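Visitor: following is a predicted model, sequence given first.
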Amino acid sequence: MSGLETTITDFLKLTFLSMVPFVLASQGTMLGGRTGVFNVAQEGIMLVGASVGFLVSYTTGSNLIGALVAMAAGGLFGLVLAYFTTTLKMDQFVVGLALFFIGTGLSSLLPKLVIGITLTPPLVKTLPEIPIPLLSQIPIIGPVLFKQNILVYFSILLSIFLWYILFRTNMGLRLRSVGENPKASDALGINVVSNRYITSIIGGMLIGLAGAYLPMVYTGTFTDLMTKGRGWIAIALTFFGAWSPLPILIGSLFFAAIEVLSFRFQVGGSFIPYQFLSMLPYIATIIVMIFTFGKSRVPAFLGQNYDRERRTL
């Protein structure tokens with residue numbers, strides 16, 4: 001393999017590796033939004049997932065258990081969001097911001113309570129690569145697509161699965177109808193409340209797993225605010241992907257590529273100040289939102305609470 005091919009392969013492989021937290025957090029946001037629940041607590045939930053996932057992995061020695069507990073923590077946040085917005089009819093944005101601050105605080109507190117302050121950071125084993133026989137030997141494409149950790153495969157398959165469920169099954173039609181016209185859905189016998197609870201909880205689980213991915217793949221340890229705004233970018237990504245799983249997957253690759261480029265420039269000794277390079281993903285987010293926000297079709301009832309006693313929507 002030539003030097004250029006190696007460079008391209010490494011860049012693409014890192015891009016797919018880096019897309020996972022974007023994919024998982026954005027698909028979790030999309031799933032809740034499809035029934036009208038607009039989650040804006042992604043950053044806090046990801047931080048809790050990262051903190052809890054790391055702590056459980058560290059104490060048990062199992063990344064699988066850590067990932068499952070991180071998903072459970074994210075699901076709990078999703079349950080709280082659904083309860084306060086669907087049952088108590090509180091403002092979704094206000095509840096989401098409250099959960100963001102709670103998650104951010106908890107993520108910093110828990111490691112200090114469980115591990116304490118140490119001179120050297122405690123580490124967990126990062127997720128290993130799982131090469132797929134034969135396919136991983138294909139030049140360029142093989143290492144990029146078929147020599148990754150299990151969550152890279154999972155995020156791609158999840159996106160395809162969610163697209164199929166949403167747009168090719170009756171279940172998906174019911175979910176989308178709840179986010180478009182809950183009163184009509186209710187009249188047809190679709191349980192609006194349960195659909196909102198289910199999607200909010202599953203969405204929270206995916207966001208929690210997105211957070212757990214960071215210490216389990218990137219660093220091997222937890223540091224405060226290690227999400228670095230990825231939760232907020234996930235919201236922009238959901239609008240960019242028009243609340244559809246496959247465009248979200250493509251958008252995640254774009255943002256991951258920007259992130260990898262900024263990191264490569266920093267470690268490569270670029271003359272550009274590293275502070276500017278660190279800003280690149282967020283500059284890209286603003287540019288994308290400028291060109292897509294008004295054109296992206298969102299669920300008609302997004303962010304609104306449904307009350308079946310009201311005569312009008």
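Guide: Everything's here; your move. Numbers count the residues shown, from 1 in each chain.

Visitor: alpha carbons only for contacts and neighbour counts from here, please
Guide: Noted.

Visitor: what does the pLDDT read for the closest residue to Asn63 other than its chain neighbours?
Guide: In space, and not counting its chain neighbours, Asn63 is closest to Ser57: 4.9 Å by CA to CA, 6 or more residues apart in numbering. Model confidence at Ser57, given as pLDDT, is 97.

Visitor: remind me which helix or strand Ser57 belongs to.
Guide: Using DSSP states H and E, Ser57 falls within helix 42-60.

Visitor: list the helices and strands that helix packs on?
Guide: With contacts taken as 3 or more CA pairs under 8 Å, 6 or more residues apart in numbering; DSSP states H and E, helix 42-60 sits against helix 3-33, helix 63-82, helix 92-114, helix 192-213, helix 230-240.

Visitor: tell me the buried residues in that helix?
Guide: Using 16 or more other CA atoms under 10 Å as the test for burial, helix 42-60 gives 42-58.

Visitor: could you do stretch 75-93 as well?
Guide: 75-83, 85-86, 90, 92-93.

Visitor: one step back: highest mean neighbour count out of the helices and strands packed on helix 42-60?
Guide: Of all the helices and strands packed on helix 42-60, helix 192-213 has the most neighbours on average by mean count of other CA atoms under 10 Å, namely a mean of 28.

Visitor: quick one: mean pLDDT over that helix.
Guide: 98.

Visitor: what packs against it?
Guide: In terms of contacts (3+ CA pairs under 8 Å, 6+ apart), helix 192-213 is packed against helix 3-33, helix 42-60, helix 63-82, helix 170-180, helix 182-187.

Visitor: right, so of those helices, which gets closest to Phe265?
Guide: Between Phe265 and the helices and strands packed on helix 192-213, the tightest spacing by CA to CA is seen for helix 3-33, at 12.0 Å.

Visitor: the closest one to helix 192-213, inter-axis angle?
Guide: 150 degrees (axes from the mean of the first three to the mean of the last three CA atoms, to 10 degrees).

Visitor: and helix 3-33, what does it pack onto?
Guide: Using 3+ CA pairs under 8 Å, 6+ apart, helix 3-33 is in contact with helix 42-60, helix 141-146, helix 150-168, helix 192-213, helix 230-240, helix 245-267.

Visitor: if we can go back for a sec, I'd like the helices and strands packed on helix 42-60 written out as TSV, with distance to Leu134 added.
Guide: Formatted as TSV, these follow (distance: least, CA to CA, whole Å):
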stretch	distance to Leu134
helix 3-33	17
helix 63-82	26
helix 92-114	41
helix 192-213	27
helix 230-240	34
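
Visitor: how about the ones you listed, which one is nearest Leu157?
Guide: Leu157 sits nearest to helix 3-33 of all these, at 11.0 Å, using CA to CA.

Visitor: related to what we said a few turns ago, from the chain's centre, how far out does the helix holding Ser57 sit?
Guide: Relative to its chain's centre, helix 42-60 lies at 14 Å (CA atoms, centre = their mean, to the nearest Å).

Visitor: mind telling me which of the helices and strands packed on helix 3-33 the model trusts least?
Guide: Among the helices and strands packed on helix 3-33, helix 245-267 carries the lowest mean pLDDT (a mean of 88).

Visitor: any low-confidence regions in the stretch 1-150 of the chain?
Guide: 1-2 (pLDDT under 70).

Visitor: got phi/psi on Gln148?
Guide: Backbone torsions of Gln148, given as degrees, to the nearest 10, read phi -130, psi 170.

Visitor: so it sits against Leu135, correct?
Guide: No: contact criterion CA atoms under 8 Å: Gln148 and Leu135 do not qualify, at 11.7 Å.

Visitor: okay, these two: which has more neighbours?
Guide: Taking other CA atoms under 10 Å, Gln148 and Leu135 do not tie; Gln148 has more neighbours (22 against 14).

Visitor: can you tell me the closest non-neighbouring residue to the more buried one?
Guide: Nearest one to Gln148, counting by CA to CA, 6+ apart, is Glu129 at 4.8 Å.

Visitor: for that neighbour, grab the count of nearby residues.
Guide: Neighbour count of Glu129, defined by other CA under 10 Å: 13.

Visitor: next up, the contacts around it.
Guide: 147-150 (CA atoms under 8 Å, 6 or more residues apart in numbering).
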